[in-house]
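**Student:** Here is my input; please provide its structure:
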Amino acid sequence: MDDSLQHRRESQKSAARLAKETFSFARGTQASGGARDRRRRDGGIHVSGEERDNGSDGGVRFFEQSGQTRQQLPDETAFQKSIDAFDTSQLKGALEDMKNTIKGEEDRKAFSEVMGQLEKVFGQIQGSQDLDKFTEHMDEYTRSIDREIEQVTRDLPQEMQESINLDLPELSEDLPLPLRGMKSSSPQVVEGPWTLNQRRKIVRLNDAISRVYKGMQDVPGPTKKEIVSIYKAYHAARLTLAHSWSHVPLDVWDFLWKVFSVDESINMHRLAHISMLARDMSEAKVPFSPPQQLLAIEAMFNEGWEDRALESWKRSMGTLGQESAETYKDFWALGVGMHCRAGNLEQAQRAASKLVEKRMDARILMPIIRSLSEQNTEESRQQAWDTYRQMRDLLGKSMKLADYDQVVAYFLTAGQTENALYAFVDMMNDGQIDLTVQKYMPSVVANKFFVGKWLKRLIGAGDVDGAYSVVEFMRAKGVEASPIHLNGLVGAWQRSGGAQHLAKSEQVAWEMIQNRIQFVQARKVQSSKDLKKTSKSAPAPLPRATLETFCILAENYRLRAMPDRLAALWDAFRESEISPDAFMMNQLLESHIQAGQHAKSLELYGFLVTERGVQPDPYTFSALWKTLAVNRLHIIAPDMSAAAIAETRRLFAQTAAHRNVFDAGMDGQLARKILHSFRRVRDPAGFLVALTSLRDVFAFAPTEMLVLELVLGTTKLSWDAPAQRRKLLQAKRNMEHDLVAWCAGDVDKLQGDKRGVALYEYLQRTGMAQLGGGEDEAREALATASKDMGVYELLRPATAEAA
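**Tutor:** Numbering: from 1, shown residues only. Below you'll find the model as predicted:
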């Protein structure tokens, strides 16, 4: 059977069933009185004035109105028949809406054929008996389609029949059914006088509620996505529900409240959602529980209805604010917060006293401390401090570091650095030192270590502005901060990314750099006057820049692509006489490599070493050898092989050109990386030249472990799997056999430092075997490689001997 025909027949059957259900729904609606009410509203009873004027009995005339057309009916019998008749206009409209929602072209054609069947009988339906006949007709039409499908698929294998049935989509899944079943254990909006479009929104809301309700049976509380899905569905159905709030059961309201009221860490729009839901519940005359009333007041306040929220809060004092109420503490805490935000500090203090007098949590005073600090008058500053001391005394040992940090943050944000200092001293000394009664700052406070502790805490909390205000305040008191902590502040400013913070970071860092340069210049002329410390009464200067200061600025300028500023920084770095210069260059190279910008790291190296005269160190080359493609990629493509060999040889030439920085010999890790680089790039000539150069120029002898790695062709010897163990043991036996043959049985040549020589020559013999070719070809290959690698003059005898 043709698949398209099968699909079309199934679509016709689904469409016929939908039409039947739609007729049943329309019939039930008319039977409930909807059609009767419409006809009595559209029709009319008119008493003839002429007959009344003629003195005869008043006559009654009957009319039927459809739109703007009014037609007089002959008598009351005709009028009653008109009332009982079935109006198909709404039914036609509903079916047309259904047709428009169908997506597939085949399904649309099938539905059109069904509507063609309906058109034949629309004009024949006059009453309930005709509706029954129509239902029977549609049942027979559906059965005829079933018989046709069964007849065509009868000869097909059973598996194919099942496959066809499974592949056929159900048309009803694409349509918002007007009579969709709502049997569910979850809360559901009940059946109502909805239009087709309204019904779709209600069905979507019920579906969303069912899904989330089912998920919450396994995991308490909804997820972020579930909250969003419920909100979207409810927001879309709100206007529909507003026409008939009575169709929303109480358990639906409770479920929506439970979903929307979860913590703001999950529902970031918690109060906005609750505000909307509370308004709808009020319109629906739904009773609120005490916690719901309290949350609704808070949501109302946060949504901008401050006066109404405060008025509602005051009206609820006699209920929610009673000592016996479950909301007693939360009610007065909410009042403190709202009155503080509204600027009614007297009301806030009275509300707070309700809890303070009951010896409840004194942290209720926190909003009052904040509001008093923000007023920033002499009186309010003192009141803020007194309120803080009151809270601290009430909390006693239960006051936590987080409480102190919060109070300090309030004071710093309001520009009350002195109060912040007093509170921080309280925290550090457990209230044993009261700076408010001391004329001078004690030495335990007036030192860079105390300032450093404070700055570290503030920077760690992300309060960089507060940290800077502390620096300036302590400078005014003659206390200089440590450069370590100032560098931390500069770095924190730059990590924040704000324009103002970047400007401040540069300002402070360059002032530190200038102080360093001035110190160096004064030291050169040996001027005791210039080196003399400032008096205690004068503000303390910023500390002198350190190497870390320059590194932080250099990294920032590199990220922001500011080469001119970077060049100026290098000039200042040279003037500051901070050694070694290579350290900062190495940091920049490593940062480029970590970011995958290997070409830029090589460009930076060339710029600094060639143009700026920076002397590299061994760590510089450890970074540079990481930039090679062979050390970045797992596999080198064949077309990249020649370029990779040339690149590796050039870098070795750079390393050899600065061989003077390896006076103490080359580090084993760097030498290992060099040899593995030539092995992986498959350059046996370069490998032999590098091996010889490492011995003769860089005073490096390969270890036994490195030799085994190079022979096995791996950077990680493994002993885990049996096959790996066998391979490693075999390589070890082969090496020992070769070494014994080399020393002609004189095992003394394999002991101590002599063993390093033996391992070197074993590795050299292995490399020569890989090089292959005749003696002349090998000599030419080695000479070419040594020239490319910048060691031809240094290794001429050795390469000739190797060949």
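**Student:** Quick one: list the elements packing against the helix or strand hosting Glu346.
**Tutor:** Taking DSSP states H and E as the definition, Glu346 sits inside helix 345-356. When contacts are defined as 3 or more Cβ pairs under 8 Å, 6 or more residues apart in numbering; DSSP states H and E, helix 345-356 sits against helix 328-342, helix 366-375. (Each C-beta comes from the backbone N, C-alpha and C, glycine too.)
**Student:** chain center to it, what's the gap?
**Tutor:** Put simply, helix 345-356 sits 40 Å off its chain's centre (Cα atoms, centre = their mean, to the nearest Å).
**Student:** which other residues reach it?
**Tutor:** 321, 329, 332-333, 335-336, 339-340, 361-362, 364-365, 367-368, 371-372, 394 (Cβ atoms under 8 Å, 6 or more residues apart in numbering).
**Student:** the strands in the protein, which residues?
**Tutor:** 44-47, 60-66, 69-73 (DSSP state E).
**Student:** what's the least confident stretch among those strands?
**Tutor:** Of all those, strand 44-47 carries the lowest average pLDDT, namely a mean of 36.
**Student:** contacting residues for Trp313?
**Tutor:** Trp313 neighbours (Cβ under 8 Å, 6+ apart): Ile297, Phe331, Leu334, Gly335, Met338.
**Student:** meant to ask about Gln383
**Tutor:** So Gln383 contacts Leu372 (Cβ under 8 Å, 6+ apart).
**Student:** Buried residues of the helix holding Glu346, list them for me.
**Tutor:** Leu345, Gln347, Ala348, Gln349, Ala351, Ala352, Lys354, Leu355, Val356 (16 or more other Cβ atoms under 10 Å).
**Student:** tell me the mean pLDDT over that helix?
**Tutor:** 90.
**Student:** and if you look at stretch 414-423?
**Tutor:** Rounded mean pLDDT across stretch 414-423 is 88.
**Student:** Can you show me the helices along the stretch 401-550 of the chain?
**Tutor:** Counting by DSSP state H, counting those that start in this stretch, the stretch 401-550 of the chain has helices at residues 401-413, 417-429, 448-460, 464-476, 483-496, 499-524, 528-531, 547-559.
**Student:** Any chance of those helices in JSON lines with mean neighbour count as columns?
**Tutor:** Output for the helices of the stretch 401-550 of the chain, formatted as JSON lines (neighbours: other Cβ atoms under 10 Å):
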{"stretch": "helix 401-413", "mean neighbour count": "20"}
{"stretch": "helix 417-429", "mean neighbour count": "21"}
{"stretch": "helix 448-460", "mean neighbour count": "19"}
{"stretch": "helix 464-476", "mean neighbour count": "20"}
{"stretch": "helix 483-496", "mean neighbour count": "21"}
{"stretch": "helix 499-524", "mean neighbour count": "16"}
{"stretch": "helix 528-531", "mean neighbour count": "10"}
{"stretch": "helix 547-559", "mean neighbour count": "21"}
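**Student:** export these to JSON lines and tack on distance to Ile266?
**Tutor:** Listed next are the helices of the stretch 401-550 of the chain as JSON lines, based on distance: least, Cβ to Cβ, whole Å:
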{"stretch": "helix 401-413", "distance to Ile266": "22"}
{"stretch": "helix 417-429", "distance to Ile266": "33"}
{"stretch": "helix 448-460", "distance to Ile266": "27"}
{"stretch": "helix 464-476", "distance to Ile266": "29"}
{"stretch": "helix 483-496", "distance to Ile266": "27"}
{"stretch": "helix 499-524", "distance to Ile266": "31"}
{"stretch": "helix 528-531", "distance to Ile266": "60"}
{"stretch": "helix 547-559", "distance to Ile266": "35"}
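**Student:** Which of those helices sits closest to Asp720?
**Tutor:** helix 547-559 (40.4 Å; Cβ to Cβ).
**Student:** just for the stretch 351-500 of the chain, where's the confidence low?
**Tutor:** 431 (pLDDT under 70).
**Student:** Apologies, that question was intended for the stretch 501-650 of the chain.
**Tutor:** 526-538, 579-580.
**Student:** gap between Met399 and Arg389?
**Tutor:** Going from Met399 to Arg389 by Cβ to Cβ, to the nearest Å gives 11 Å.
**Student:** Same question for Ala723.
**Tutor:** 74 Å.
**Student:** now do Glu555
**Tutor:** In terms of Cβ to Cβ, Glu555 sits 44 Å off from Arg389.
**Student:** likewise Arg341?
**Tutor:** For Arg341 relative to Arg389 (Cβ to Cβ), the value is 24 Å.
**Student:** cool, and Lys453?
**Tutor:** 22 Å.
**Student:** coming back round to it: how about the helices and strands packed on helix 345-356, which one is nearest Thr413?
**Tutor:** Nearest to Thr413, of all those, is helix 366-375, at 7.5 Å by Cβ to Cβ.
**Student:** Mind listing what's buried along the closest one?
**Tutor:** Met366, Pro367, Ile368, Ile369, Arg370, Ser371, Leu372, Ser373, Glu374.
**Student:** show me the contacts for Phe473.
**Tutor:** Residues in contact with Phe473, defined by Cβ under 8 Å, 6+ apart, are Thr417, Glu418, Leu421.
**Student:** follow-up on the earlier one: could the buried residues of helix 366-375 go into CSV alongside distance to Leu739?
**Tutor:** Shown next, in CSV, are the buried residues of helix 366-375 (distance: Cβ to Cβ, whole Å):
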residue, distance to Leu739
Met366, 78
Pro367, 81
Ile368, 84
Ile369, 80
Arg370, 79
Ser371, 84
Leu372, 85
Ser373, 80
Glu374, 82
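**Student:** just these now: which is nearest Tyr440?
**Tutor:** Nearest to Tyr440 out of the buried residues of helix 366-375 is Ser373 (Cβ to Cβ; 25.5 Å).
**Student:** next one: phi and psi at the residue lying closest to that closest one once chain neighbours are set aside?
**Tutor:** Spatial nearest neighbour of Ser373, chain neighbours left out: Ala414 (3.8 Å); criterion: Cβ to Cβ, 6 or more residues apart in numbering. Main-chain torsions, Ala414, degrees, to the nearest 10: phi -90, psi 0.
**Student:** I'd say Ala414 and Glu374 touch.
**Tutor:** Yes: using Cβ atoms under 8 Å, Ala414 is in contact with Glu374, at 5.4 Å.
**Student:** Can you pull the domain assignment for this structure?
**Tutor:** 3-169, 615-802 (automatic domain parsing).
**Student:** which stretch in the ones you listed has the least confidence?
**Tutor:** domain 3-169 (a mean of 56).
**Student:** about what we covered before: any idea which of the helices of the stretch 401-550 of the chain gets closest to Pro541?
**Tutor:** helix 499-524 (6.0 Å).
**Student:** now for that closest one, which elements pack on it?
**Tutor:** helix 464-476, helix 483-496, helix 528-531, helix 547-559, helix 563-576.
**Student:** about what we covered before: compare Ala723 and Arg389 (neighbour count), which wins?
**Tutor:** Arg389 (16 against 9; other Cβ atoms under 10 Å).
**Student:** ok, the more buried one - contacts?
**Tutor:** No contacts exist for Arg389 under Cβ under 8 Å, 6+ apart.
**Student:** before we move on, what about Ala572?
**Tutor:** Ile513, Ile517, Phe550.
**Student:** Reformat those residues as TSV; add distance to Met789.
**Tutor:** Below are these laid out as TSV (distance: Cβ to Cβ, whole Å):
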residue	distance to Met789
Ile513	41
Ile517	42
Phe550	34
